[in-house]
Every structure is written in C-alpha cells, then in structure tokens.
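*Asks:* predicted model, plus sequence, below.
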Amino acid sequence: MPTSASGSPLQIEHLVKRYGAQTVVDDLSLSVAPGECFALLGPNGAGKTTTLRCALGLSLPDAGRITLCGEPVPARARQARMRVGVVPQFDNLDPDFTCTENLTVFGRYFGLDAAAVRERTPALLAFAGLEHKAGAHIQDLSGGMKRRLTLARALVNRPELLLLDEPTTGLDPQARHLIWRRLKQLVAEGTSVLLTTHFMDEAERLAHRLAIMDGGRLLAMGSPREVIAAHIEPHVVEVYGDWPEGMSGWMRDFGARLSARCELSGDTAFCYVDEAGALLDHLSRQPALRYLHRPANLEDVFLKLTGRDLRD
Ligand code: ADP
C-alpha cells in the first residue's frame, strides 16, 4: 500500500529539536524509500534517538516537517504508529508475562483481537527462533532471546516501517548474526527499515543507504560505497613499530610527506592516500616498521568526520 504521495514511509525535512539551550537535532533532512534499509550512524549524543523519537511523535520538534507512513507527525502520530514497528534501545518486555503473552498484550495495543494474535504467534515465535520458549518467562531468556522477542513483538502489527534503535548493542556475535539475517529477510520481503547503530559493519552489511550524524547535524549520506568514495582517500596504510622518537617522529619525517593525511592513534600512524606506491616503497626499506595496507572503510570515514576523541 502506498504510504504517501511519494511512497516514502518516512520523510523528515529540516527537523530541529532543542533541549533548553542545546540544539540536539539541527536542520536534519532524510527520507527512507519503500523497501529500503537506512542506517543512522553517529557517536553517543549525536541525536539519533531524538530523531527517532521525533519521527514517532514521542518528542515534539521545534521546527521541521515529518511524514510517517503518509501521516503528518506529530498531528496524526498515533495513527501513523499503528503501521510502524519499534525495537527500542533497551528491551521493555513485560517480565510478568511469558513470550506468548508478551506478543498477545502487544497485539492488543494495535487493536488486534486475541484470535488474530493467536494466529500470528507461531510464525512470530518461529521468526525469533523461540518456538521452544513460547511459555517461558522473560527472566529465563538470554539477552539474545530477549532481543529476538522484541523484534518479533515489533512485527505483530505487520508494519510497513520498522524502526530499530541499536538493535544489536550488547549481543554476542552469534546473536548479532541471527538478528542481521532476520532483518535482511524482512527487507527482502518488502519491509522498510530505519536503524541506528554504532557498528560500521552492521551498517555496511545491512543498509542500502546510511547517514552519519554528529552534534545533531548530518555529515554524510549515501550508499556505503558512495559515502566512502566521497569522504575519504581510497587507501589506508596503518604503520607501527620501533622508530627513534616514536611514531610521531616517523610521521613528522615521512608520514606527513608521503600521505594525503596522517593521524596518530595510540602507537599506530594511520596514513590515508590516493596512491599508496611511494609510501609502500618507503616502508619496504624500513625493517623496524610494520604496516597494514587496506582499502578505506566506513569506520575510517566515521572517524574522519566525527573525530577520534571519546564522547563519554
Ligand atoms: P544518540 O541517540 O545519538 O546517542 P540522543 O538523541 O540520545 O543521542 O541525545 C542527543 C543529545 O540530547 C544528548 O546530548 C542528550 O544528552 C540530549 N538529550 C536527549 N534527551 C534529552 C532530554 N529528554 N532532555 C535533555 N536532553 C536530552
């Protein structure tokens, strides 16, 4: 079903959100295309969760226009939310209920009667790989199981758009991979997805397009490949080892001259170059140094645009 004149399940135009004197979302525009997986990346405090909350009508914007599933937000946020699934950053399953009961109770919020939820429950539990836990209480589930149940719960109303806030934070690699497989399956079936994440590999694997934000502002947007091509040199050479005066001495004497950009992080010099030939030639003649030559990736772009300083 088309969700708006343009078919986009979510359009955000010139969104501004302030808390007191702090502008936490600053003139942000983005839209999710039908069937698209879109990732919003940014360090802690960048404004990702606030953007999602505004999109859902849970926080009131100070300026801008939001259309969610064809409905203006916040004016008709409640109606829009009926067609959206949400996986919040922290699982908020009801601890007093079993897995099945959590799905049933959630279904009622969407006006589904008990029979309709009962019919959907086996498929939802199977999707989450929790058929064997139908009657289990929430405290008996692992972290990965809770996440999967939260994802299944978000699908109870067969949403057009799924919003996920850091869906795999705190999960082990096995659990992350399972969530990724499920999200890919949903996207292949036509569900649109907007997710926030700290994990570059998650964005690179899942997202058709992504945006990097910091300080409430968008810094880059496009497909992972487009963002890498537009914002960073194609080659990275990581250099480390023993050098008189340390790697900062090597950077001063050679790194700065042989690369377009050179940054020290810990004991490693990160050299960004359009053409690695001259740098590799120099390194091949330095037995005290070791190096790793690799293509630039999304994490390099992220660190270039948002800096290497810790945020909290
Ligand atoms: P992210 O999800 O990217 O980590 P958030 O959207 O949670 O970022 O937060 C962006 C900024 O807004 C942070 O500086 C945070 O402290 C601030 N903020 C978020 N919610 C509130 C609130 N309810 N009141 C005041 N400040 C808030």
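*Replies:* Done, it's in.

*Asks:* how is this protein divided into domains?
*Replies:* Using automatic domain parsing, the domain ranges for the chain come out as 1-83+159-230, 95-157, 233-295.

*Asks:* of all the ones you listed, which one is nearest the ligand?
*Replies:* For these, proximity to the ligand was assessed by C-beta to the nearest ligand atom; domain 1-83+159-230 is nearest, at 3.3 Å. Glycine gets a C-beta too; all of them are placed from N, C-alpha and C.

*Asks:* any part of the closest one near the ligand?
*Replies:* Yes: using C-beta under 6 Å from any ligand atom, we find that domain 1-83+159-230 touches the ligand at 19, 24, 42, 44, 45, 46, 47, 48, 49, 50.

*Asks:* out of these, which are inside strands?
*Replies:* 19, 24 (DSSP state E).

*Asks:* longest helix of the chain?
*Replies:* Determined from DSSP state H, the single longest helix within the chain is helix 173-188.

*Asks:* packing partners for it?
*Replies:* Applying 3 or more C-beta pairs under 8 Å, 6 or more residues apart in numbering; DSSP states H and E, one finds that helix 173-188 makes contact with helix 143-154, strand 161-165, strand 192-197, helix 200-206.

*Asks:* now distance to residue 11, mean pLDDT and mean neighbour count too, for the ones you listed, in CSV please.
*Replies:* Formatted as CSV, the helices and strands packed on helix 173-188 follow (distance: least, C-beta to C-beta, whole Å; pLDDT from 0 to 100; neighbours: other C-beta atoms under 10 Å):
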stretch, distance to residue 11, mean pLDDT, mean neighbour count
helix 143-154, 21, 94, 22
strand 161-165, 11, 97, 24
strand 192-197, 11, 96, 24
helix 200-206, 21, 93, 20
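
*Asks:* possible to save those as TSV with distance to residue 253?
*Replies:* Listed next are the helices and strands packed on helix 173-188 as TSV, based on distance: least, C-beta to C-beta, whole Å:
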stretch	distance to residue 253
helix 143-154	49
strand 161-165	46
strand 192-197	39
helix 200-206	32
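
*Asks:* please tell me the pLDDT value assigned to residue 308.
*Replies:* Model confidence at residue 308, given as pLDDT, is 75.

*Asks:* give the contact list for it.
*Replies:* Counting by C-beta atoms under 8 Å, 6 or more residues apart in numbering, residue 308 touches 263, 265.

*Asks:* ok, it to residue 268 distance?
*Replies:* Separation of residue 308 from residue 268 (C-beta to C-beta, to the nearest Å): 11 Å.

*Asks:* okay if I get the residues of domain 1-83+159-230 next to the ligand as a markdown table plus pLDDT?
*Replies:* Putting these into a markdown table (pLDDT from 0 to 100) gives the following:
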| residue | pLDDT |
| --- | --- |
| 19 | 97 |
| 24 | 98 |
| 42 | 94 |
| 44 | 91 |
| 45 | 93 |
| 46 | 95 |
| 47 | 96 |
| 48 | 96 |
| 49 | 95 |
| 50 | 97 |
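
*Asks:* report the buried members of the residues of domain 1-83+159-230 next to the ligand.
*Replies:* 24, 42, 46, 47, 48, 49, 50 (16 or more other C-beta atoms under 10 Å).

*Asks:* if we can go back for a sec, would you mark the buried spots in the longest helix of the chain?
*Replies:* 175, 176, 178, 179, 180, 182, 183, 186, 187.

*Asks:* do stretch 55-65 as well
*Replies:* 55, 56, 57, 59, 61, 64.

*Asks:* again, but for stretch 81-91
*Replies:* Neighbour-count burial for stretch 81-91 [16+ other C-beta under 10 Å]: 81, 83, 84, 85, 86, 87, 88, 91.
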